[in-house]
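Engineer: just coords:
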């Protein structure tokens, strides 16, 4: 463990790659300590009916330990970061009102940064965006951004259409420069939350991803996706991109075999885990606790760190990173 401490706040966030055992560790920490309530920081666990494939806590686990920010929206809806921030603020107020502490757990990096750093998230302007998308020339859009918001244009690759369109959408739709929404994700300011991370070797993560898909299929994952596909309100474009769901939806629509779908799901999840490692490792405020194979080995170290509640809020990374 790093000697830098875990932060100055009373609430904790537990991060790490998918299949690293975060949820099981968080649940056991809550059982042992008695004053922790779990807060999901997962962009897909917010959707009702998406239970098996998102590894959502079971009804029994939720009855044993309070869980928050699950089942907030129908899969047909688009759930935004701003909406998550609002729901989080309400949940945290309730937890503090009960004299408890929040243990945030999940791997959606943007959602985590949005709440622990209080990011100022620009709103959506669909009509403006639709008009921008009608322009096929990304370079022309970037020139327009350069004229309206030179700072944002300088931070954005002229060929990155998604970012160029988003910056223009906000600048035109809100009347406020996109660049005025703060330094963004490149900085890691002090936060009142203690940030802890669980680390497993990449090869172990891969094996755990494969094992989890096998278990989920045995638990009825394909039937869950079939129910979503057959629902009166069709699954929306955001929920349909969830790991495993996209591939099984393609199988149900006759585009792949089941074997092919699962192989694609595993490979995409492995890539996602790599991106998560990069995302969380560049945050110097995270204090990491690792294990060579069984994530539960990290439990005593995490429990000790949560008990410290001290330090300078910067955290640190062990040499075995």
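Structural biologist: Alright, I've got the coordinates. Only a predicted model underlies this, so the values are computations on that prediction, with no experimental measurement involved.
Engineer: got the buried residues for stretch 86-97?
Structural biologist: Buried residues in stretch 86-97, defined by neighbour count with 16 or more other Cβ atoms under 10 Å: 87, 88, 91, 92, 95. Yep, even glycine has a C-beta here, placed from its N, CA and C like the rest.
Engineer: got it, and stretch 33-49?
Structural biologist: 36, 37, 38, 39, 40, 41, 42, 43, 44, 45, 46, 47.
Engineer: for the residues you listed, give me a markdown table that also has secondary structure and distance to residue 117.
Structural biologist: Converted to a markdown table, the buried residues of stretch 33-49 look like this (DSSP: H, G, I helix; E, B strand; the rest coil; distance: Cβ to Cβ, whole Å):
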| residue | secondary structure | distance to residue 117 |
| --- | --- | --- |
| 36 | strand | 21 |
| 37 | strand | 21 |
| 38 | strand | 20 |
| 39 | strand | 15 |
| 40 | strand | 18 |
| 41 | coil | 13 |
| 42 | coil | 18 |
| 43 | coil | 17 |
| 44 | coil | 22 |
| 45 | coil | 21 |
| 46 | coil | 20 |
| 47 | strand | 24 |
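Engineer: list the contacts for residue 210?
Structural biologist: residue 266 (Cβ atoms under 8 Å, 6 or more residues apart in numbering).
Engineer: distance of it from residue 254?
Structural biologist: Using Cβ to Cβ, to the nearest Å, one gets 25 Å for the distance from residue 210 to residue 254.
Engineer: quick one: residue 87 from residue 136, how far?
Structural biologist: 37 Å.
Engineer: residue 261 falls within a strand, correct?
Structural biologist: No. Counting by DSSP: H, G, I helix; E, B strand; the rest coil, residue 261 is not found in a strand; it is helix.
Engineer: okay, helices next: where are they in the chain?
Structural biologist: Ranges of helices in the chain, per DSSP state H, are 22-33, 59-64, 81-97, 109-116, 126-133, 138-148, 150-155, 161-174, 202-218, 221-230, 245-252, 258-281, 299-308.
Engineer: now those helices as a markdown table including mean pLDDT?
Structural biologist: Putting those into a markdown table (pLDDT from 0 to 100) gives the following:
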| stretch | mean pLDDT |
| --- | --- |
| helix 22-33 | 96 |
| helix 59-64 | 96 |
| helix 81-97 | 96 |
| helix 109-116 | 94 |
| helix 126-133 | 94 |
| helix 138-148 | 97 |
| helix 150-155 | 91 |
| helix 161-174 | 93 |
| helix 202-218 | 98 |
| helix 221-230 | 97 |
| helix 245-252 | 98 |
| helix 258-281 | 97 |
| helix 299-308 | 89 |
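Engineer: just put those helices in TSV and tack on distance to residue 237.
Structural biologist: Converted to TSV, the helices of the chain look like this (distance: least, Cβ to Cβ, whole Å):
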stretch	distance to residue 237
helix 22-33	26
helix 59-64	28
helix 81-97	16
helix 109-116	17
helix 126-133	13
helix 138-148	21
helix 150-155	26
helix 161-174	14
helix 202-218	22
helix 221-230	13
helix 245-252	10
helix 258-281	16
helix 299-308	36
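Engineer: so which of the ones you listed is nearest residue 293?
Structural biologist: With Cβ to Cβ as the measure, helix 202-218 is the member of the helices of the chain nearest residue 293 (5.6 Å).
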